[in-house]
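Q: Below is the sequence, then the predicted model.
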Amino acid sequence: VEFTLYRAIALSELDRHDEAMAAFERTLIEAPNSRPDLIDADFYFGYGVAAEQAGRTVKAAELFKKSIELDP
């Protein structure tokens with residue numbers, strides 16, 4: 001799970017945002033079973049950045065809102 005999250009972050013840094021979004025989504029599916037602590041405000045913020053850079057502004061807004069809810 002951690003590898004998938006780090007991969008998502010790296011892909012986002014490399015401007016491969018669609019791939020990053022897929023990796024963030026995989027992390028969101030896998031983490032609750034083994035590492036639920038990974039799904040925090042920072043996770044949603046990073047996922048939101050990838051969504052925004054991929055041009056998915058509605059998804060990005062949802063993710064940023066979730067990030068703010070978890071850590072106002």
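A: Thanks, I have it.
Q: use CA for all of it now, contacts and neighbours both
A: Fine.
Q: which residues sit in contact with L5?
A: Residues near L5 by C-alpha atoms under 8 Å, 6 or more residues apart in numbering: A23, F24, T27.
Q: Quick check: pLDDT value at it.
A: pLDDT recorded at L5 is 94.
Q: quick one on the thing from earlier: quick check: of the contacts of L5, which lies closest to F45?
A: F24 (10.8 Å; C-alpha to C-alpha).
Q: who's in contact with that closest one?
A: Neighbours of F24 in contact, by C-alpha under 8 Å, 6+ apart: T4, L5, A8, Y47.
Q: In whichever strand or helix holds it, which residues are buried?
A: Counting by DSSP states H and E, the element that carries F24 is helix 17-34. Neighbour-count burial for helix 17-34, with 16 or more other C-alpha atoms under 10 Å as criterion, is recorded at H17, D18, E19, A20, M21, A23, F24, T27, L28, A31.
Q: how about those residues in CSV, adding distance to L38 and pLDDT?
A: CSV is the format used below for the buried residues of helix 17-34 (distance: C-alpha to C-alpha, whole Å; pLDDT from 0 to 100):
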residue, distance to L38, pLDDT
H17, 20, 92
D18, 21, 92
E19, 19, 95
A20, 16, 95
M21, 16, 95
A23, 13, 97
F24, 11, 97
T27, 9, 96
L28, 9, 94
A31, 7, 95
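Q: From the contacts of F24, list the buried ones, please.
A: For the contacts of F24, a burial check counting by 16+ other C-alpha under 10 Å picks out T4, L5, A8, Y47.
Q: can you tell me which residue is nearest the centre of this structure?
A: When C-alpha atoms, centre = their mean is applied to the chain, the residue found nearest the centroid is Y47 (2.4 Å).
Q: in which helix or strand would I find it?
A: Using DSSP H and E, Y47 maps to helix 41-53.
Q: which is the next helix or strand following that helix?
A: Downstream of helix 41-53, the next assigned helix or strand under DSSP H and E is helix 57-70.
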